[in-house]
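>>> quick one: sequence plus predicted model below, questions after.
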Amino acid sequence: MMKRMIGLTAMLALAGIGCGDDDGDDTTLELDMGTDADTPEGDGGVDLGVDAGPDMGGSSCGIGTACTEVRGCATVGAECLEFTIPPQGGPSDPITDHPDGEDSTYQATFFAGGYCTTSFPGLPTECVPDTDEGEEFCGDCATCVDLFGDGGGTCLASCEPSVTDNGSCRDGYECNLSGEFCLDGCTSDASCRISRVEGNGIPGLQTAAECSETPAACTPADCGDETPADPAACATPSGNFDRLVYDTTSEAVCDPDTFRCVGAPSNPTAAGGDTCTTDTDCEAEGFCIEEDPDDGSWPGGYCIKLRCDLPGNECANGGKCQESGLGVFACTEGCTVGGFDTTSDPSTWSADGAAQDTCRDGYGCFWDGAGAGGVANNGACLPVEYNPEVTAPNTGDECEADSDCFSPFGVGRCLRNTSFPNGYCTVSNCGAPWFTEGTPADANVCGDSGFCVSFDEEDPTFALCLETCTTADTCAAGLGCVDITATTKGCFPGCSADADCRTGERCSMAGTANAECVPE
């Protein structure tokens, strides 16, 4: 099962950003509420595994080795990635507050010394991130990573993370704590203290090079007004880029053993889950997930530190180290799931605070998968969405967003992807003590037409509500009525014969891993 949800955005060097204190924006953290479930095996299951063959499987473990365009790679089928990154900063892209002057430069790297890989966007072959197929493609010694945040896959050398060294990675490369792969690390103390800071009023970060090449992308929206807020930016949009800034208060340094920036300013009294606006509000080596200004997610900001399961990287000040709900061990705010009586009326489960936990507004207690109901600190406060206007279970209904779905204790979800193009309402973590302890047995959280399915024997939190069926005519278009368990059928992508599909649909590619119900 592929459940890791921590991904790297485009390499900071390519954006002209240092690896310094940039409010944690170099890491995208998404909640893993079980909605990225692999399709269960068995009749109707979609097994995306592809036998890449000996040439592309990476079994020789040559991925990540140094190379040059001339010398190439020893691994059959591997290509040498070799990029030259010009020095960052300088007169055309000054670094504000740099102690050696604004015209100073620093060196960023991207696959320094060359990097052998069997998959990279633009190569003839490419792995698929966050799938079993992608992991098979890269082999046992590598990981398929969405390096640029666009869905493309790159095979990166795997490593064993540590807070004291860079594992099996080459010098100059760090072992990414969350993704467990080797990628360029910091190059100097200065690179740990420099970041590009939003300041031109345009969403996102615009570099000097981008504004020079595409001035329209750096033109303020009000330039057509009679009195724009920044006339100079309107007159010369090529100069309206976000500035590089040297943090003069930072004591961050580049660790020569891990090639990771450490020692950034922090709050010695902070703990996981604390409100925040910057990384300095959080514990040492932690960072702030700022409240999203567009959708309001992570309200108030949320302090977090990754890989608290590693020796020497424990949570500070009583923070809860939990993997469930996040996909990676992280320091969070602890809370208690279950251990209280709930009404048999499902309409009361969708009100903010229905879980009777101690989490602040906008957050709910997500079970850790180990502690029984009512056991103190058996969960973590994570963002949830209560939908009080949806008062009854609607498992399997089509949806546009989470807000369309019944959300008991805030964990209702809308599955919407290529497998569920019309959306599919479900409840994640349906096996939690909320629903199995203290709730009357006749009050099924999945509804009378739904049932709770666990997709991972080792992780009981990885469970979803599915719609039951005896015929696909009760399922949404494109879904088959397939065997989910030995005794129960459910509406889910896949089919093994035309009879598994709705009237007017047939089973395309029956008998293969890509079987699906399509219009006749």
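Arrived safely, thanks for sending.
>>> please count neighbours and contacts with C-alpha atoms only from this point.
Fine.
>>> let me see the ranges of the helices in the stretch 101-250 of the chain.
Using DSSP state H, counting those that start in this stretch, the helices of the stretch 101-250 of the chain run over residues 132-138, 208-213, 231-235.
>>> looking at those, which is nearest to Leu464?
helix 132-138 (19.5 Å; C-alpha to C-alpha).
>>> the closest one: which residues count as buried?
Buried residues in helix 132-138, counted by 16 or more other C-alpha atoms under 10 Å: Asp132, Glu133, Gly134, Glu135, Glu136, Phe137, Cys138.
>>> now stretch 502-513
Buried residues in stretch 502-513 (16+ other C-alpha under 10 Å): Arg502, Glu505, Arg506, Cys507, Ser508, Met509, Ala510, Thr512, Ala513.
>>> where's the residue lying closest to Ala510 once chain neighbours are set aside, which helix or strand?
Once flanking residues are discounted, Ala510 sits nearest to Ser496: 5.2 Å by C-alpha to C-alpha, 6 or more residues apart in numbering. Assigned by DSSP states H and E, Ser496 belongs to no helix or strand.
>>> next, count neighbours for Ser496.
Counted with other C-alpha atoms under 10 Å, residues neighbouring Ser496 total 25.
>>> what distance do you get for it to Gly511?
6 Å (C-alpha to C-alpha, to the nearest Å).
>>> Cys169 too?
Counting by C-alpha to C-alpha, the gap from Cys169 to Gly511 is 42 Å.
>>> same deal with Thr236?
61 Å.
>>> so where's the stretch 51-200 of the chain uncertain?
Within the stretch 51-200 of the chain, the segments meeting pLDDT under 70 span 51-60.
>>> again but with the chain, I slipped
If you take pLDDT under 70 as the line, the chain has these spans: 1-60, 338-357, 371-374, 434-443, 460.
>>> domain parsing for it?
1-219+233-265, 342-467 (automatic domain parsing).
>>> run the chain-centre distance for the shortest one.
For domain 342-467, the separation from the chain centroid amounts to 20 Å (computed by C-alpha atoms, centre = their mean, to the nearest Å).
>>> next: stretch 480-494.
28 Å.
>>> how many residues are close by Ala284?
Count around Ala284 with other C-alpha under 10 Å applied: 22.
>>> my guess is it is in a helix, correct?
No - membership of Ala284 in a helix is not supported by DSSP: H, G, I helix; E, B strand; the rest coil, which gives coil.
>>> so it touches Ala264, yeah?
Yes - Ala284 is in contact with Ala264 according to C-alpha atoms under 8 Å; the separation is 7.3 Å.
>>> nearest spatial neighbour of Ile194, chain-adjacent residues omitted?
With sequence-adjacent residues excluded and distances taken as C-alpha to C-alpha, 6+ apart, Ile194 is closest to Tyr246, at 4.5 Å.
>>> that neighbour: what's it in contact with?
Ile95, Thr96, Asp97, His98, Ala190, Arg193, Ile194, Ser195 (C-alpha atoms under 8 Å, 6 or more residues apart in numbering).
>>> gap between the two ends of stretch 232-248?
28 Å.
>>> pull out the buried residues from that stretch.
Within stretch 232-248, the residues scored as buried using 16+ other C-alpha under 10 Å are 233-234, 237-247.
>>> repeat for stretch 275-288
Result for stretch 275-288 [16+ other C-alpha under 10 Å]: buried residues 275-288.
>>> CSV for those, including distance to Gly319?
Formatted as CSV, the buried residues of stretch 275-288 follow (distance: C-alpha to C-alpha, whole Å):
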residue, distance to Gly319
Thr275, 13
Cys276, 15
Thr277, 19
Thr278, 18
Asp279, 16
Thr280, 17
Asp281, 15
Cys282, 11
Glu283, 10
Ala284, 13
Glu285, 14
Gly286, 12
Phe287, 14
Cys288, 15
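>>> which residues are in contact with stretch 412-428?
Contacts of stretch 412-428 (C-alpha under 8 Å, 6+ apart): 33-35, 385-386, 394-408, 411, 445-446, 461-466, 493.
>>> buried stuff in that stretch?
412-416, 419-420, 422-428.
>>> same thing with stretch 310-322?
Asn313, Glu314, Cys315, Ala316, Gly319, Lys320, Cys321, Gln322.
>>> the spatially closest residue to Asp146 that is not a sequence neighbour: what's it in contact with?
Nearest non-adjacent residue to Asp146, counting by C-alpha to C-alpha, 6+ apart: Gly153, 5.0 Å away. Taking C-alpha under 8 Å, 6+ apart, we find Gly153 in contact with Ser119, Phe120, Pro121, Glu126, Cys127, Val128, Pro129, Gly134, Cys144, Val145, Asp146, Leu147.
>>> which parts of the stretch 401-520 of the chain are helices?
433-436.
>>> restricting to C-alpha, output stretch 465-473 in PDB.
Output in PDB follows, covering the C-alpha atoms of stretch 465-473 (Å, rounded to 0.1, in the frame of the first residue of the first chain):
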ATOM      1  CA  CYS A 465     -16.800   3.300   3.900                       C
ATOM      2  CA  LEU A 466     -17.900   1.800   0.600                       C
ATOM      3  CA  GLU A 467     -21.400   1.500  -0.900                       C
ATOM      4  CA  THR A 468     -22.800  -2.000  -0.800                       C
ATOM      5  CA  CYS A 469     -24.500  -3.500  -3.900                       C
ATOM      6  CA  THR A 470     -25.900  -6.600  -5.500                       C
ATOM      7  CA  THR A 471     -26.000  -5.100  -8.900                       C
ATOM      8  CA  ALA A 472     -24.100  -2.200 -10.500                       C
ATOM      9  CA  ASP A 473     -27.300  -0.400 -11.400                       C
END
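>>> ok so, going back, identify the farthest-apart pair in the buried residues of stretch 232-248.
Across the buried residues of stretch 232-248 (C-alpha to C-alpha), the longest gap, 28.5 Å, separates Cys234 and Asp247.
>>> and Tyr246, how close does it get to Glu283?
Taking C-alpha to C-alpha, one finds Tyr246 at 21 Å from Glu283.
>>> ok, now Asp292?
From Asp292 to Glu283 the distance is 21 Å (C-alpha to C-alpha).
>>> likewise for Leu205?
Distance, Leu205 to Glu283, by C-alpha to C-alpha: 26 Å.
>>> and Ala235, by the same measure?
43 Å.
>>> go on, Thr65?
Taking C-alpha to C-alpha, one finds Thr65 at 35 Å from Glu283.
>>> kindly report the same for Ser250.
14 Å.
>>> what's around the residue nearest to Glu385 when sequence neighbours are not counted, how many residues?
Leaving aside its chain neighbours, Glu385 sits nearest to Gly410 (4.7 Å; criterion: C-alpha to C-alpha, 6+ apart). Around Gly410 there are 29 other residues, counting by other C-alpha under 10 Å.
>>> so Gly410 makes contact with Asp361?
No - using C-alpha under 8 Å, Gly410 is not in contact with Asp361; the gap is 11.3 Å.
>>> contacts only, for Cys399.
Taking C-alpha under 8 Å, 6+ apart as the contact definition, Cys399 lies against Cys405, Cys414, Arg416, Asn422, Gly423, Tyr424, Cys425.
>>> what is the end-to-end distance of stretch 466-479?
Taking C-alpha to C-alpha, stretch 466-479 runs 12 Å from one end to the other.
>>> return the distance of that stretch from the chain's centre.
30 Å.
>>> which of the residues in that stretch are buried?
466-469, 471-479.
>>> go on, stretch 180-199?
180-197.
>>> kindly report the same for stretch 141-158.
Of the residues in stretch 141-158, 141-147, 152-158 count as buried by neighbour count, 16+ other C-alpha under 10 Å.
>>> in the stretch 251-400 of the chain, which spans are strands?
In the stretch 251-400 of the chain, the strands defined using DSSP state E, counting those that start in this stretch lie at 253-254, 261-262, 287-289, 302-304, 320-322, 330-332, 334-335, 363-367, 379-383.
>>> what lines up beside the first one in the sheet?
The partner list of strand 253-254 in its sheet, established with DSSP bridges, is strand 261-262 (antiparallel).
>>> got the contact list for the partner strand?
Cys19, Gly20, Cys186, Asp189, Cys192, Ala252, Val253, Cys254, Asp255, Glu285.
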